[in-house]
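Engineer: Output the structure for:
(2 chains)
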Amino acid sequence: MDEQPKLPDLNTPPRPQLDHGGPITDANGNLIVLGFKSVDAGHETTEPLKGHAAEQTGAEHAEADEEQPQEGSSQQLATTNQSSVKALILTGFGINCEEEFAAAYQLAGAEPTIVHLNQVLHGHVSIHDYDILNFPGGFSFGDDLGSGVVLANKLRYRKNAAGRTLLDEIKQFVANGKFVMGICNGFQVLVKLGLLPNLSGDVTPEVTLTHNASGRYEDRWVRLKVNPKSNSPFLKGIDTLEVPVRHGEGRLIIKGEETLAEIETRALNCLAYTDFDGSPTDVYPHNPNGADLNCAGLTDTTGQVFGLMPHPEAFLSLYNHPDWARRKRLNPGLSEEGDGLRLFRNIVERVQGQAAAVPQEARQFSS
Amino acid sequence: MQSTALYTVRYPVTGEQLRDFATHCLQDPVLHDVALDEFRHGADYKSYILVAKLPGVTDDEGISAQNALGDFLNQPLDTHTQHIFSKRLYFLEHELPESSLRQLAEELLGNKMINRFEVGPIAQIRDYTPRPGGGAESITDTVRLVGLSDEELVKLSKDNLYALNLEEMRAVRDHYTSMAEERRAAGLPPDPTDCELEIIAQTWSEHCKHKEFSAVIKYRDADTGEEFEVDSLFKTYIKNATAEVDRQLRANGNDWLIKVFSDNAGAVRINPESLFVWKVETHNSPSAIDPYGGAITGILGNNRDPLATGIGGAKLLFNTNVLCFGNPEFNGTLLSNQLHPRRIFEGVRKGIEDGGNKSGVPTVNGAIVFDDRYAGKPLVYCGTGAVMPMQLAGLDSWEKNIDAQDRIIMAGGRVGKDGIHGATFSSIELDETSPATAVQIGSPITQKLAMDFLILATRRGLIKCSTDNGAGGLSSSIGELATISGGAVVELEKVPLKYPGLRPWEIFVSESQERFSLAVEPSKMTELMALGQEMEVELTDIGYFTSDGSLDVRFDGESVARLDMEFLHNGVPRKVLEAEWQKPAAQEPKVELRWEGRDAIFCVSPLNDSLKHYQQTEDAKYCVSTTDVLSRLLGSLNICSRESVIRQYDHEVKGRTIIKPLMGATGQAPQDAAVVRFNFESWEGVAVSNGILPRFGDLDAYDMSAGAFDEAVRQIVAVGGKLPNLSYGDGNFWSVNDNFCVPDSVYDPATNPDGKLKLAKLVRMCQALRDATAAYCIPLTSGKDSMKNDFKADGVKISVPPTVLYSMTAKIEDVRRTITSDFKQADDVVYLLGETYDELGGSEFYQLFGELGANVPKVRFEEAKALYTLMGQANDQGLIQSCHDLSDGGLAVALAEATFGHGFGAEVELPEGLPVHVQLFSESHSRFVATVAPEDVVAFEQHFGTRATRLGWVTQNGQLHVRQSGKTIISASTAALRYEWTNGPVNRIIGFGQHETVQ
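Structural biologist: Predicted coordinates for the structure are as follows:
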């Protein structure tokens, strides 16, 4: 193509133009743009589900935003009498697993809210009003500079009106004893940000996630083994689980013997890919990406920050599993719940337990 | 080779800022090095290749880097002007001449349609950066039309890529001649402006107007002498057939058919609160030129159809793709500008991967069909299902309403020269001079942002209706929306551009991607714009709707086009075409079953001389052991596993996919239809299937079309779907899209001598479609036709075989009761459901021997419907444990595939009657292999009566044994069969994801 656009002077860089005039407020200074909340979990009917739905639409739900995901399922739900656990789920800019993430918390008995990143970055929503901060999977900003890089960069550098970055807020959030979870692209963000494994405590990237050893994106189911020494509340009581991986850049690279040794010693490599007999493996396809330590997930030293490449939120129901039909034939009484839901139940129970133990103190910090 | 990501930053930053930005934001500290203002490379590298993007080509990586720079500097950067340009720089150890480097670059590293390459010795690296900027070039010319001769009219159409024929050009000329006075009075030139002609060409293009599907066709059957006239294929066989189906549905209390043919996608009602929206389209021509860009644009473009149906803002539930390619192992000489089928395959595959995965829409199933005749133009069918509420902010979501004075908002990406003439270009055959500007590159992330925005804005009642900017760009989207209110005024100078130099007409017809046109009430503007800003989606007010009957396009206040809407939309002259059918001469080859000791052998006497070199035995026979035949079928191009392709598509994002393309403990049991649940709160879902059988069209296009329809129906029945309208108000919606892709079917004695036969095939395909919809009471809701699938170069024409795809969706009441294809347990009893006929014509079995045969499979609609009804009832009683439909390769292949999920085996005894090879390999329609638990056998046999044939039982030992009268016909280890299937040509070519060595 020889055609060239006719053009002004090449040497003068174009002037930066403002495309954002700041928050939009009305005459009284109130924001015109309402908080971004998920319309629902992709469900377009408002018909309450037979059975459970009636019991669950308690007083607290009547007050909740009507755009909240519909509560209820014919799967068993945790009792909702306990104080509600609030999970904040970020979305926007190419994140795309927020709905099943919300469904996971919903099924685990928590109250999920999906919020656009800009709502948090612009300070319209405070993460401190929530108990668990979640980074879902997807392709944030297209993964063009490497998975999770642009989003991590935004959290590290972009300052709100008060001059604080979201990373500052997250550090505070963790210091307050709260929990952060990242799945797939969300895990990549936590790693690129340095929140995982954060051996040094100063939030600098120590390991990285890069292109799978196969050089390609893959969707397949894998088996994971939980590191028995891991202290992460997310994994409490879980020995193994089956989950799908769906990524092109999930290969954990740990540079330096010391870093590697420390991760192992402190059992931060909380999940390992295993072969059919349950031993950790580097053999494809059981280990789908060639990760160091065959590692599928990491926690930080406190155990409060947790991330993994596979998708537990994609295995909430038995019917997500590729072999569900045969397993059900074999055992008609098989639970209809998927392995992945256990992680969410774990963390919700943990927060509920904390709230029961120290209801006041934990709240004081957050508001 | 060593590679470097190169970023050119054209934004005022200090050296220190730049260094910090590079090290903190662009570099992975664990893996990368950073160099500034320097091309750093190892000492022993000799040559380089720089791959940059041509001006205006989507540069997502550059935009992302820019985004990161804004965050890093903590400044609000104008993200809509490009300040950072991404490139790739490759260093090679060998010193290669420029021509070889250029060849490497063009064939492996990029595409000259979208990339700019610099190559040479490493000491002389040249950089290239597209120039940035803003403004348009406001030049509008008039085109002399009044008084032109016929010859001049034809030349004008060809030179300007209008793709209009003489009669159409005359109609335009005559219109302008008659309007001359009126135009003068209105201060307009008597001749049309370039913009006006472009709008007319786009609106009247085959792509947008479906002129051949609405033509008058004179049909003659040369064998019987029968003659009749078809007054529009679309009206006669598609629209009227669906209207009849709708009448029957409504008479029986089934009123779920909400919107057909009149919007971007069809809509049916799932339940009182929600609609299911379904659309399938093709994107063939662009995929032939730029496979990656063509496919990704195809996916994203098709996604925009459900998104912009009615008011808009449907939520995408899944994608499905059906692809037709030439043989990827082709090793002959390519024509000028023809891409190798393998390159097209890989490019399209990658486009689907990025288009679906990055949008967060699962690709739940699909099909790949290989035939040498797709080597010129591949067929790329993209389908998208979506869900939307019945009511949006109190209004019926599926309706499009616009009033005069409503604003026209363009949302999403900016406009460049990409995709200019896409609509007209896809309406003509491809040749070696096909224009580069017709190619676009999609940006899934830009679209994802627009999609998130649209979902929220429609829920808040900010948008009155929306439509997609696809083929024909603004011209098409505004042209169509303006028919609702009766006119529009467009102010083109407001349209944001990617770079300067676009003329008004180019802005209006450009097909730059990821854009929607919205109709917005003036009172909602403030809130809408605020939401766009919050969600970082660019919204531009580019005019308003009117009701004065004209489309008025202005630039800086001056009219660049003013067209009468009536003439624009209804002025195209109707075509009259000729069709003549003649049955092809065809013959069945002779097949014998022989015994050599205990081994069974099939011997085929070839009719086809060209296969002499295969002949192994004395009297010109090709003999293969029966077990080998099965192995070879499983390893054949059209049957073998597609796992390497499937696994690179995310088929379970959203967490709702219940039946995926591959299931079972091994993850290698192929499935018939996908099943997706709508949400996490109920078990309602939808089954998705595709029917496509181009091979049968070589024998009879009617049977091919009927067979493809039946194939899609039976795939849904196989997973547990039920036919519609079986009982009063059962609410079992079905929604079908038809997609016809045919070669040029307009007769021309010189250039298209067999045009009449091709058109006759199309007519027959449509007749079968009508018969099938009536028989099953299944409605069509939307569809598309692509009429010129030919590739011409160097005096050679490669035309696709007439192809039709039926993409079906049907309601599943409870996804937990669906059925997968794999055997579940040893001792389950294996049945054949339905009847086998001597119908090996066009079969994969004959294909193995290079034969076509004559007996093409026919669909017996009444019998098929009765069987499908029985299956629905049996499934209600939980009688079926596994079910696999019989298609390519017949019974033998279906049995083998059913063992792949867990490594079971089967003992099968074929009944007496039809010859063994017919029983095993005939591709007769409407049949299944099903298994039944031993305790249900009595009930099952009572229920199905003679429709079920007991074949044998599932075994634990992993051996497939097929016998007849005590003699073993096939004896194979199912593990070995699975190995053949898994290591077939597709997986060999695309490769499995073995770990490669570290770079």
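Engineer: burial count for the residue lying closest to residue B:796 once chain neighbours are set aside?
Structural biologist: Nearest residue to residue B:796 in three dimensions, chain neighbours excluded: residue B:335, at 5.8 Å (CB to CB, 6 or more residues apart in numbering or on different chains). In short, each C-beta sits where N, CA and C put it, glycine included. When neighbours are counted by other CB atoms under 10 Å in any protein chain shown, residue B:335 registers 19.
Engineer: For residue B:335, grab phi and psi.
Structural biologist: Main-chain dihedrals, residue B:335, degrees, to the nearest 10: phi -80, psi 170.
Engineer: residues contacting it?
Structural biologist: If a contact means CB atoms under 8 Å, 6 or more residues apart in numbering or on different chains, then residue B:335 has B:376, B:432, B:791, B:793-794, B:796, B:798 as its contacts.
Engineer: What does the pLDDT read for it?
Structural biologist: Looking at residue B:335, its pLDDT reads 91.
Engineer: With residue B:105 instead?
Structural biologist: 89.
Engineer: Could you name the helices and strands sitting against the lengthiest helix in chain B?
Structural biologist: For chain B, the helix that runs over the most residues, judged by DSSP state H, is helix B:755-776. Where contact means 3 or more CB pairs under 8 Å, 6 or more residues apart in numbering or on different chains; DSSP states H and E, helix B:755-776 is packed against strand B:216-221, helix B:233, helix B:240-251, strand B:576-581, helix B:701-718, strand B:734-741, strand B:803-812, helix B:861-876.
Engineer: and the stretch 451-600 of chain B, which residues reach chain A?
Structural biologist: B:452, B:455-456, B:459, B:499-501, B:526-527, B:530-531, B:533-536 (CB under 8 Å from any CB of the partner chain).
Engineer: What is the end-to-end distance of stretch B:950-964?
Structural biologist: End-to-end distance for stretch B:950-964: 13 Å, by CA to CA, to the nearest Å.
Engineer: Tell me which residues are up against it.
Structural biologist: Here stretch B:950-964 makes contact (CB under 8 Å, 6+ apart) with B:823-832, B:892, B:895-896, B:899, B:903-912, B:916, B:920, B:929, B:931, B:941, B:968-975, B:977.
Engineer: Restricted to helices, list the residues you listed.
Structural biologist: B:892, B:895-896, B:916, B:920, B:941, B:974-975, B:977.
Engineer: Kindly indicate which of the residues you listed lies nearest residue B:304.
Structural biologist: Nearest to residue B:304, judged by CB to CB, of those is residue B:896 at 40.6 Å.
Engineer: Can you verify my assumption that that closest one contacts residue B:977?
Structural biologist: Yes. Using CB atoms under 8 Å, residue B:896 is in contact with residue B:977, at 4.8 Å.
Engineer: Which other helices and strands does the biggest helix by length in chain A contact?
Structural biologist: Taking DSSP H as the criterion, chain A has its longest helix at helix A:341-357. Packing partners of helix A:341-357 (3+ CB pairs under 8 Å, 6+ apart): helix A:98-107, strand A:179-183.
Engineer: Confidence-wise, which of those is weakest overall?
Structural biologist: Averaging pLDDT over each of those puts helix A:98-107 lowest, since it has a mean of 94.
Engineer: Among the contacts of stretch B:950-964, which ones lie close to chain A?
Structural biologist: Intersecting those with the contacts of chain A gives B:824-825 (criterion: CB under 8 Å from any CB).
Engineer: low-scoring pLDDT stretches of the stretch 501-650 of chain B, where are they?
Structural biologist: Counting by pLDDT under 70, the stretch 501-650 of chain B has low-confidence residues at B:608-620.
Engineer: Neighbours of whatever residue of it ends up closest to chain A, how many?
Structural biologist: Relative to chain A, the nearest point of the stretch 501-650 of chain B is residue B:501 (3.6 Å; CB to the nearest CB). Neighbourhood size, residue B:501 [other CB under 10 Å]: 20.
Engineer: and it, backbone torsions?
Structural biologist: Note on residue B:501: its backbone torsions stand at phi 100, psi 0 [degrees, to the nearest 10].
Engineer: Please verify my assumption that it contacts residue B:138.
Structural biologist: No. If you go by CB under 8 Å, residue B:501 and residue B:138 don't touch, sitting 10.9 Å apart.
Engineer: Next, check the residues of the stretch 451-600 of chain B next to chain A against the strands and list the overlap.
Structural biologist: Among those, no member falls in strands (criterion: DSSP state E).
Engineer: Could you work out the most separated pair of the residues you listed?
Structural biologist: Between all members of those, the farthest pair (by CB to CB) comes out as B:459 and B:501, at 39.2 Å.
Engineer: What are the buried residues along the longest helix of chain B?
Structural biologist: B:755-773, B:775-776 (16 or more other CB atoms under 10 Å in any protein chain shown).
Engineer: Please apply the same query to stretch B:541-556.
Structural biologist: Buried, per 16+ other CB under 10 Å, within stretch B:541-556: B:541-546, B:550-555.
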